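Novice: structure of the sequence below:
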Amino acid sequence: MQAIYSLIKFLLGPEVWIFLVLSAGCLAAWTRQWPRAARFTLCLLLVLYYGFTTRPLTQALVEPLETYYRPPASMPVGHDAIVIFVSSPHLQPYTEQPTIVGTNNTDLLLCGLVYVHAGSASKVVLSGEAPGEGNHTEAGTVVLQEWAVLLGYPKEPIIAEVQSSATHERARAIKQLLGSDRRILLLDSAMHLPRSAAAFTKIGFAVTPIPCIYEMSTASWDLSDFVPQVGNLKACSAAFHEYLGLLAYRLRGLI
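Specialist: Sure thing, here's the model as predicted:
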């Protein structure tokens with residue numbers, strides 16, 4: 001019964017419908033002798049869609065980024081600051097108040113809490129950009145600090161830097177913020193960490209990279225990995241963004 005339920009669940013997904021429609025269109029194009037350009041375009045679209053929505057290609061794109069840095073084998077100590085690369089707090093529907101609920105920020109703050117309690121560094125920098133403009137910036141800063149304290153961070157050492165959006169701009173802003181402090185723990189998503197760690201190292205920080213959030217699956221392979229799923233498409237898109245970002249930063253001399 002569970003197998004039947006799982007099959008029905010996958011078949012009801014819109015990503016599967018799209019795949020079936022593309023497959024039918026590609027088959028019709030070949031059997032009805034459509035123009036060669038139309039057949040090639042439609043079938044290429046089918047292949048790309050299937051590849052980017054299933055696990056094999058997704059993992060091939062994501063894994064090199066997310067395994068570039070591994071979690072430290074032992075608890076790091078003697079650092080000047082813990083820098084947590086947070087994202088913008090979301091605005092709650094209806095109230096339009098910023099919150100970290102439902103975002104990766106919660107996982108990042110919990111990840112950083114381990115190193116705070118271990119005494120890895122005396123300062124904490126929450127590096128991110130608040131949503132919106134004007135009063136939302138200040139409100140987003142307050143929300144990040146409030147949630148950090150609520151989760152168990154000490155209130156006084158927290159420094160929130162929320163004016164910069166690009167990775168290299170955040171690195172420069174934090175360098176000015178920390179002054180002579182150079183040894184940092186950098187907590188970020190595993191996929192973005194290769195770029196952020198390189199950007200911080202480029203401007204003079206001694207970086208200990210800490211990956212905290214993963215898109216890559218470590219579960220055993222099964223048939224569902226070959227069924228189109230929108231999560232794989234999202235992960236592929238994020239991986240392409242990072243590869244392009246790394247290339248652009250390399251060409252601009254930012255890493």
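
Novice: number of nearby residues for L244?
Specialist: Neighbourhood size, L244 [other Cβ atoms under 10 Å]: 10. All C-beta atoms are positioned from the backbone trio N, CA, C, and that covers glycine.

Novice: likewise for F226?
Specialist: 12.

Novice: can you tell me the closest non-neighbouring residue to it?
Specialist: T54 (5.4 Å; Cβ to Cβ, 6 or more residues apart in numbering).

Novice: didn't L113 look like it was pressed against P154?
Specialist: No - using Cβ atoms under 8 Å, L113 makes no contact with P154, being 10.6 Å away.

Novice: of these two, who's got more company?
Specialist: More crowded of L113 and P154, by other Cβ under 10 Å: L113, with 17 against 12.

Novice: can I assume the more buried one sits in a helix?
Specialist: Yes - remark: L113 belongs to a helix, assigned using DSSP: H, G, I helix; E, B strand; the rest coil.

Novice: who are the contact partners of it?
Specialist: Applying Cβ atoms under 8 Å, 6 or more residues apart in numbering to L113 gives the contacts L151, G152, Y153.

Novice: for A235, state which of those residues is nearest.
Specialist: L151 (26.7 Å; Cβ to Cβ).

Novice: for S88, see how far away that closest one is.
Specialist: 18 Å (Cβ to Cβ, to the nearest Å).

Novice: ok, now L233?
Specialist: Distance from L233 to S88, by Cβ to Cβ: 22 Å.

Novice: higher neighbour count, those two?
Specialist: S88 (20 against 17).

Novice: I figured that one hits S127, correct?
Specialist: No - using Cβ under 8 Å, S88 is not in contact with S127, being 11.6 Å away.

Novice: so how far is S189 from the residue nearest to C111 when sequence neighbours are not counted?
Specialist: Here the nearest residue to C111 in space, its sequence neighbours aside, is C212; by Cβ to Cβ, 6+ apart that works out to 3.7 Å. Taking Cβ to Cβ as the measure, C212 and S189 are separated by 7 Å.

Novice: joint contacts of these two?
Specialist: With Cβ under 8 Å, 6+ apart, C212 and S189 have common neighbours L108.

Novice: helices of the chain, residue ranges please.
Specialist: 2-11, 14-31, 36-53, 55-66, 105-117, 135-151, 167-178, 193-202, 230-251 (DSSP state H).

Novice: the spatially most central residue of the chain and L251: what is the separation?
Specialist: Centroid check for the chain by Cα atoms, centre = their mean gives S189 as the closest residue, at 5.0 Å. To L251, S189 is 23 Å away according to Cβ to Cβ.

Novice: could you do V125 as well?
Specialist: 28 Å.

Novice: okay, these two: which has more neighbours?
Specialist: Ranked by neighbour count (other Cβ under 10 Å), V125 and L251 place V125 first, with 25 against 9.

Novice: list the residues that contact that one.
Specialist: So V125 contacts A81, I82, V83, I84, I158, I159, A160, E161, I174, L177, L178 (Cβ under 8 Å, 6+ apart).
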